[in-house]
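Asker: The following block contains a protein sequence and its predicted model.
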Amino acid sequence: MTLWYLARGSGLVLLAVLTANLVLGIAIQGGWHPGAWPRFAVQAVHRNLALLAVVLLVIHVVTIELDPFVPVGWWAALVPFVSPYRPFWLGLGTLSLDLIAAVVVTSLLRSHLRLRWWRVVHWLTYLSWPVAVLHSLGTGTDTRLTWVFGFEVGCVGLVAATVIFRVGRADRYRAGVRVLLMVAAAATPMAVLAWSAAGPLQSGWARRAGTPTTALASGAPAGARGQPPAPARFTASFVGSATSSPSGQGETISISGRVQGGAGGQLMVSLVANQLPGGSLAVDRGTVTYRPATGSQIYTGAVVSVAPGSLIFRLAPRGGASEPAELTISGPVPASSVSGLLYFGSVAAGPAGGDGGQDS
């Protein structure tokens, strides 16, 4: 999970740096210059942003390759469109990487190249940015998060505004051409919104984007690379049995059965109850294991609250974040047949806390 967060975080920061560098470059070419800064300082910022982008790019690529959830392949980091994971959209990222690498290499060899050739390659920076944006939107497993999508569209809007500023100051263009270019720039964010609404923001995009069947079958949400899979929040029926056996000064109560609905599967609860004066039992602790019908993850956790007819607990896959859950049971326990409801990802309107010391 750490690798997944680092890969996505470095990718988003990289997009921000590339956007800032592109905006600064367009603004400088358009004649913009901060009055308090000498020209060499602005150029130094422009150059250092490019170097920072290279560092972030290395982190992004390495963490993606080390992330074990799906096999991207080291070769796919150099050759576009050969990865088994979302080949086209991941290939756009590789293409952007190759363009940036070409600019870096030719910049280091600038003294050995003709100025005209260096400028031609340097212009590839402008092409690498839109390719990187499409890569982020199409491959990014968190594009459907509101703040992530808003950030990506904001980057597009900022570049569009800078292009409008640049074209508006370009006297070499005829008035009609300037208006046409400015309208095209202004329409670009709207086009990105429309395409995203029909593509990456739609359910089922992971499959259409080329996510391997094995990754989809593992239950990862929307193809989230490296994240332990989690079923969607659901409420389902529970049917099973509850048995008890002596345990020290009390009893061990075992509840097991089938989850019918939601993610399905099997649920097992083990409660340790201590004998109180008078013969009643108080649940001291409990563990829960949930195995969904689909996927290979097993969720385990501890009971955090016990009330008559209700168990509240938290479940987590190995290495993943925990989810709240509640099992409500109607009728006495133990019994050969029990039934109730399982709330996964939430709890019912009953007690939400407690110390697990309620009478049973």
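Answerer: Cool, got the structure. Numbers count the residues shown, from 1 in each chain.
Asker: center of the chain - which residue?
Answerer: Asp142 (3.6 Å; C-alpha atoms, centre = their mean).
Asker: didn't that residue look like it was pressed against Val148?
Answerer: Yes - contact criterion C-beta atoms under 8 Å: Asp142 and Val148 qualify, at 4.8 Å. Where C-beta positions appear, they are placed from N, C-alpha and C, glycine not excepted.
Asker: Next, the buried residues of the strand or helix carrying Ser10.
Answerer: Per DSSP states H and E: Ser10 is located in helix 2-29. Buried residues in helix 2-29, counted by 16 or more other C-beta atoms under 10 Å: 3-4, 6-8, 10-12, 14-28.
Asker: which stretches of the stretch 51-200 of the chain form helices?
Answerer: Ranges of helices in the stretch 51-200 of the chain, per DSSP state H, counting those that start in this stretch, are 87-108, 115-122, 124-139, 146-168, 175-198.
Asker: Where do the domain boundaries of this protein fall?
Answerer: Annotated domains of the chain cover 2-223, 234-344 [automatic domain parsing].
Asker: other SSEs contacting the helix or strand containing Met268?
Answerer: Remark: Met268 resides in strand 266-275, with elements defined by DSSP H and E. In terms of contacts (3 or more C-beta pairs under 8 Å, 6 or more residues apart in numbering; DSSP states H and E), strand 266-275 is packed against strand 234-247, strand 250-260, strand 281-291, strand 299-307, strand 310-316.
Asker: Moving C-terminal from the shortest one, which element do we reach first?
Answerer: From strand 310-316 onward toward the C-terminus, using DSSP H and E, the following helix or strand is strand 323-330.
Asker: How far away from the center of its chain is that following strand?
Answerer: 28 Å (C-alpha atoms, centre = their mean, to the nearest Å).
Asker: quick one: that strand to strand 281-291, angle?
Answerer: With axes from the mean of the first three to the mean of the last three C-alpha atoms, to 10 degrees defining the directions, strand 323-330 sits at 120 degrees from strand 281-291.
Asker: What is the distance between whichever helix or strand comes after strand 323-330 and the centre of its chain?
Answerer: Following the chain from strand 323-330 toward its C-terminal end, the next helix or strand by DSSP H and E is strand 335-344. The chain centre lies 34 Å from the centre of strand 335-344; the measure is C-alpha atoms, centre = their mean.
Asker: and if you look at stretch 334-353?
Answerer: Stretch 334-353 sits 30 Å away from the centroid of its parent chain (C-alpha atoms, centre = their mean).
Asker: Same check on stretch 152-159?
Answerer: 20 Å.
Asker: Quickly note the distance from Phe109 to Arg178.
Answerer: Just so we're on the same page, residue 109 is Leu rather than Phe. 36 Å (C-beta to C-beta, to the nearest Å).
Asker: picking up where we left off before, columns mean pLDDT on top of the domains of the chain, output as CSV?
Answerer: Listed next are those as CSV, based on pLDDT from 0 to 100:
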stretch, mean pLDDT
domain 2-223, 84
domain 234-344, 85
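Asker: can you give me phi and psi for Val79?
Answerer: Backbone torsions of Val79, given as degrees, to the nearest 10, read phi -110, psi 120.
Asker: My read is that it contacts Thr94, right?
Answerer: Yes - if you go by C-beta under 8 Å, Val79 and Thr94 touch, sitting 6.8 Å apart.
Asker: Could you check what's spatially nearest to Leu56, not counting adjacent residues?
Answerer: The shortest distance from Leu56 to any non-neighbouring residue, by C-beta to C-beta, 6 or more residues apart in numbering, is to Leu14 (4.1 Å).
Asker: related to what we said a few turns ago, just the residues contacting the strand holding Met268, thanks.
Answerer: By C-beta atoms under 8 Å, 6 or more residues apart in numbering, the residues outside strand 266-275 that reach it are 238, 240, 247-259, 281-291, 303, 306, 311, 313, 327, 342, 360.
Asker: ok, of the residues you listed, which come out buried?
Answerer: Buried among those (16+ other C-beta under 10 Å): 238, 240, 250-251, 253-257, 259, 281, 283, 286, 288, 290-291, 303, 306, 311, 313, 327, 342, 360.
Asker: circling back to that earlier point, of Val79 and Thr94, give the one with the bigger neighbour count.
Answerer: Thr94 (23 against 13; other C-beta atoms under 10 Å).
Asker: So what's the residue count around the nearest residue to that one once chain neighbours are set aside?
Answerer: What sits nearest to Thr94 in space, not counting adjacent residues and going by C-beta to C-beta, 6+ apart, is Pro80, at 4.3 Å. The local packing of Pro80 (other C-beta under 10 Å) involves 19 other residues.
Asker: likewise the one 5 residues further on?
Answerer: Applying other C-beta under 10 Å, we find 21 other residues in the vicinity of Tyr85.
Asker: And Leu127, by the same measure?
Answerer: Leu127 is flanked by 12 other residues according to other C-beta under 10 Å.
Asker: Tell me which residues touch it, please.
Answerer: Shown in contact with Leu127 (C-beta under 8 Å, 6+ apart): Leu99.
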